[in-house]
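S.K.: Okay, predicted coordinates and the sequence, questions at the end:
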Amino acid sequence: MDVPIYGVPTAYSSFSFFFASLLLLLLLLAGPRAALPEHPHPRPSSAAATAGTGSGQINSNSILVALLDSHYTELAELVEKALLLQTLEETVGRHNITIFAPRNEALERDLDPEFKRFLLEPRNLRSLQTLLMFHIVPSRIDSANWPESTRPAAEDPGALSLSSHRLRLAKRESGEREVDRARVIHADAVTRPDGVIHGIERLLIPQSVQDDFNRRRSLRSITAVKPEGAPEVDPRTHRLKKPAPPATAGSPPALPIYDAMAPGPSLAPAPAPGPGGPHHHFDGEAQVKDFIHTLLHYGGYNEMADILVNLTSLASEMGRLVSEGYVLTVLAPNDEAMAKLTTDQLSEPGAPEQIMYYHLIPEYQTEESMYNAVRRFGKVRYDTLRLPHKMVAQEADGSVKFGQGEGSAYLFDPDIYTDGRISVQGIDGVLFPPEETEVTVEKKTPTKVAEKPRRGKLLELTCQMLHYKQLRCSVNDWLRM
């Protein structure tokens, strides 16, 4: 049935409608092929397809999908570990982007292993995100419109990356292109309507990430000088005592940790030196906050973090102890283990504190040190902040097992946080000290024992019975016989 169009003859309107339908069909068939570049690209994987559907403007032909499916696998893996997919989806949805992708060899073999380990630690997630966004510019820079380096480096502002750092693009007389002195080895490696990827020879490291790595490696943020005490006077001689030999920076405190712990509620809290001041003490409060944030980012330890911060005041006390120079190893039960705690176990006054004190070891231990100890000595007893109970560790199934019997727990997530002062080791159970058994002592009633007569007395009685009264024997004569 023809659709009438007013002002146009009926036959002409039918022909126009048929022609328009045919043209639309041809455009639909030829459109996707015309939009793609001539060189083929791999088929999108499941992860890439998921990223491509995160925003309304991203499809399978997006530059983000091309990155996840390209041969730059190391960079794509780091992007997924840094949780940047959603951020990149929003960026691609707004405008074109340019990605400078290091070759896989630059991330596998050429990168410093210590620096790579620093980037992959959960507590350094921000540094990893900053480093990756430093390789992405929110504008399209093809090889055809590569900027010429006509101005000196001091006057060239460069291209602004997603990490808010400037990237200086240069082009030599030989036609070779550079990004922050890194040579571009494959310009226009992947091109899509919403972006382009250039292959570069090495990883680009912003100065802020390099400074953070240097601070972590040299431990400058936690180095300190012990506070100097007031001079002491000898009460006998009324003279100043000889000062103790100077301690090196970062040496352990002289007093045991139990003397530095906060007293009970019945005693007035003693003032303790905190962070800051002219001597630059250990910044324990910042370190405790850092490891609690690491627990939250790591996932699966939210209950432990909640108990340390909200249910108890252990976070502030741990910060004070670390500020004074003490070290701690935290055995952190995961959320699945904390969910098994009953109301009776937490309802008694001071029960949460006592449970957490039993999971704090006043030593700095890592997975390697604990495993080597149990492999060498079999069973190892560690002191805990819950006196006088100790933590028993032993080897089991190629791991470290804490506790005994049914209430034991295994080392589940090793080295969640290690900074030289605080070590956090994830375990799969909540540990309790063995119950103290009362030893009953039976009271024995004393019994009278007849005293045996002496040898001389026995001889005298014998002589009397035989009526030999004239016989006088002495003990000495009997002993001579």
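M.R.: Received, thanks.

S.K.: If you count contacts, what does the host helix or strand of Lys289 end up packed against?
M.R.: Mapping Lys289 onto the secondary structure by DSSP states H and E places it in helix 284-298. With contacts defined as 3 or more Cβ pairs under 8 Å, 6 or more residues apart in numbering; DSSP states H and E, the packing partners of helix 284-298 are helix 302-306, helix 314-323, strand 409-418, strand 422-427. From N, CA and C alone the C-beta is placed, and that goes for glycine too.

S.K.: hang on, Ala170 in a strand?
M.R.: Yes. Applying DSSP: H, G, I helix; E, B strand; the rest coil, one finds Ala170 inside a strand.

S.K.: For Leu162, see how far away it is.
M.R.: Ala170 sits 20 Å away from Leu162, going by Cβ to Cβ, to the nearest Å.

S.K.: Over to Ala351?
M.R.: For Ala351, the distance to Leu162 equals 48 Å [Cβ to Cβ].

S.K.: So for the two, which residue has more residues nearby?
M.R.: Higher neighbour count among Ala351 and Leu162: Leu162, with 19 against 13, using other Cβ atoms under 10 Å.

S.K.: Compute the number of surrounding residues for the nearest residue to the more buried one once chain neighbours are set aside.
M.R.: Leaving aside its chain neighbours, Leu162 sits nearest to Met133 (3.8 Å; criterion: Cβ to Cβ, 6 or more residues apart in numbering). By the measure other Cβ under 10 Å, the count of residues near Met133 is 22.

S.K.: Let me see the confidence value for Met133.
M.R.: For Met133, the pLDDT comes out at 93.

S.K.: check contacts around it.
M.R.: Shown in contact with Met133 (Cβ atoms under 8 Å, 6 or more residues apart in numbering): Leu84, Thr87, Ser161, Leu162, Ser163.

S.K.: Also Leu311?
M.R.: When contacts are counted by Cβ under 8 Å, 6+ apart, Leu311 is found next to Pro352.

S.K.: Could you measure from it over to Ser127?
M.R.: Taking Cβ to Cβ as the measure, Leu311 falls 31 Å from Ser127.

S.K.: How about Ile422?
M.R.: 19 Å.

S.K.: swap in Leu387?
M.R.: Per Cβ to Cβ, Leu387 is found 40 Å from Ser127.

S.K.: Mind checking which of the two has more residues around it?
M.R.: Comparing Leu387 with Ser127 by neighbour count (other Cβ under 10 Å), the higher total belongs to Ser127, at 22 against 10.

S.K.: Could you confirm the more buried one falls within a strand?
M.R.: No. Read with three-state DSSP, Ser127 is helix and lies in no strand.

S.K.: so it makes contact with Phe213?
M.R.: Yes. Applying Cβ atoms under 8 Å as the test, Ser127 and Phe213 come out as touching, 7.3 Å apart.

S.K.: Now the common contact residues for those two.
M.R.: The contact sets of Ser127 and Phe213 overlap at Phe118 (Cβ under 8 Å, 6+ apart).

S.K.: Tell me where this structure is predicted with low confidence.
M.R.: By pLDDT under 70, the weakly predicted segments of the chain are 1-58, 149-157, 218-231, 242-252, 254-255, 259, 262-281, 436-481.
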